[in-house]
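Participant: Next come a sequence and a model predicted from it.
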Amino acid sequence: MGEWLEVTVAEKIRWNDGLYSLRFQAPLPAFKAGQFARVGLDVDGERIARPYSLVNAPDEALHEIHFNVVPDGPLSPRLARLEAGDALFVHSSVTGTMTMERTPAHRHLWLFATGTALGAFLSILKTNAPWDRAERVVLCHSVRRATDLTYGETIRRLKARHGDQIDFVPVVTREAHPGALRERIPALLASGEIERHIGLALSPEDAHVMLCGNSDMIEAVQQVLEPRGLRRHRRREPGHITVEKYH
């Protein structure tokens, strides 16, 4: 269902040589924060498209995607070359299960993202839902290099608005960076370092965990948390972990 819409780039943000965001206006239907849309370009007579989470909240005027460049990929290098005023295609069907409406009751919301998967969580955190439902929100963003830590200003605004209700935990795995943890997310959970870092225990009695990004991270985190009594959340079998895989 749905149709392809030709839209115009309003703004390009270059975070570093391989990391970009595009903003555009599009008459997309109402969607839920955390969902994704397919974005594409016509290449040699064929429409090449990939799913990208929308970084914007549903009530924001401009839609936004965040992506890294795969050097030999058929789409991302071309998206990175677009400038304001250029055209691209977006499909009108917006979907995805990484939404607050699908999560069971919880006191503490833990959000773990690798790379550009941060975008889905920013969309969610710009809405009222997580703050109305959770006493405390933990946002953990894992990247390889410090220059891959994006949307710092957005995170600072969230912190200024919500204060001690939010903890932001940056993780940089391949170099030392002030204020950032160094190990990968599964290792940080296995050792308890993240919990000690923010002074909060991750337990099945009061936590819901959302995982978005690299498949290896998602699988490894579930393996770490399962012995603690946290299991995958499904519609017919309520649990503690919601996932969205990027690759």
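Facilitator: Received the coordinates, thanks. Residues are numbered from 1 along each chain as shown.

Participant: And the helices in this protein, which stretches?
Facilitator: All helices of the chain, identified by DSSP state H, fall at 76-81, 118-125, 129-133, 152-162, 185-191, 193-198, 215-225.

Participant: Out of those, indicate the one that is most buried.
Facilitator: helix 118-125 (a mean of 26; mean count of other Cβ atoms under 10 Å). (Glycine included, C-beta is placed from N, CA and C.)

Participant: same for that helix, what does it pack against?
Facilitator: Applying 3 or more Cβ pairs under 8 Å, 6 or more residues apart in numbering; DSSP states H and E, one finds that helix 118-125 makes contact with strand 46-53, strand 63-68, strand 108-114, strand 136-143, helix 152-162, strand 207-213.

Participant: If we use 10 Å, what do you get?
Facilitator: strand 36-43, strand 46-53, strand 63-68, strand 108-114, helix 129-133, strand 136-143, helix 152-162, strand 207-213 (3 or more Cβ pairs under 10 Å, 6 or more residues apart in numbering; DSSP states H and E).

Participant: How far off centre is the longest one?
Facilitator: The reference is to helix 152-162. 16 Å (Cα atoms, centre = their mean, to the nearest Å).

Participant: Over to the last one?
Facilitator: Its chain's C-alpha centre lies 10 Å from the corresponding centre of strand 207-213 when counted by Cα atoms, centre = their mean.

Participant: and the angle from that strand to strand 46-53?
Facilitator: 160 degrees (axes from the mean of the first three to the mean of the last three Cα atoms, to 10 degrees).

Participant: just to revisit the earlier point, can you add mean pLDDT and distance to residue 168 and give the helices and strands packed on helix 118-125 back as TSV?
Facilitator: Below are the helices and strands packed on helix 118-125 laid out as TSV (pLDDT from 0 to 100; distance: least, Cβ to Cβ, whole Å):
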stretch	mean pLDDT	distance to residue 168
strand 36-43	97	23
strand 46-53	97	18
strand 63-68	98	17
strand 108-114	98	10
helix 129-133	97	13
strand 136-143	98	5
helix 152-162	98	5
strand 207-213	97	15
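
Participant: among these, which is nearest residue 228?
Facilitator: strand 207-213 (9.6 Å; Cβ to Cβ).

Participant: quick one: which of the helices of the chain is nearest residue 18?
Facilitator: helix 76-81 (8.1 Å).

Participant: got JSON lines for the helices of the chain, with distance to residue 5 too?
Facilitator: Output for those, formatted as JSON lines (distance: least, Cβ to Cβ, whole Å):
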{"stretch": "helix 76-81", "distance to residue 5": "16"}
{"stretch": "helix 118-125", "distance to residue 5": "19"}
{"stretch": "helix 129-133", "distance to residue 5": "27"}
{"stretch": "helix 152-162", "distance to residue 5": "26"}
{"stretch": "helix 185-191", "distance to residue 5": "36"}
{"stretch": "helix 193-198", "distance to residue 5": "40"}
{"stretch": "helix 215-225", "distance to residue 5": "29"}
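
Participant: Residue 63: which of those is closest?
Facilitator: Using Cβ to Cβ, the helices of the chain put helix 118-125 closest to residue 63, at 10.1 Å.

Participant: Distance from the closest one to the middle of the chain?
Facilitator: Between the centre of helix 118-125 and the centre of its host chain there is 5 Å, according to Cα atoms, centre = their mean.

Participant: Outline the domain layout of the chain.
Facilitator: 4-91, 100-245 (automatic domain parsing).

Participant: residues touching residue 125, list them.
Facilitator: 33-34, 57, 100, 109, 111, 131, 137, 139, 154-155, 157-158, 161-162, 166 (Cβ atoms under 10 Å, 6 or more residues apart in numbering).
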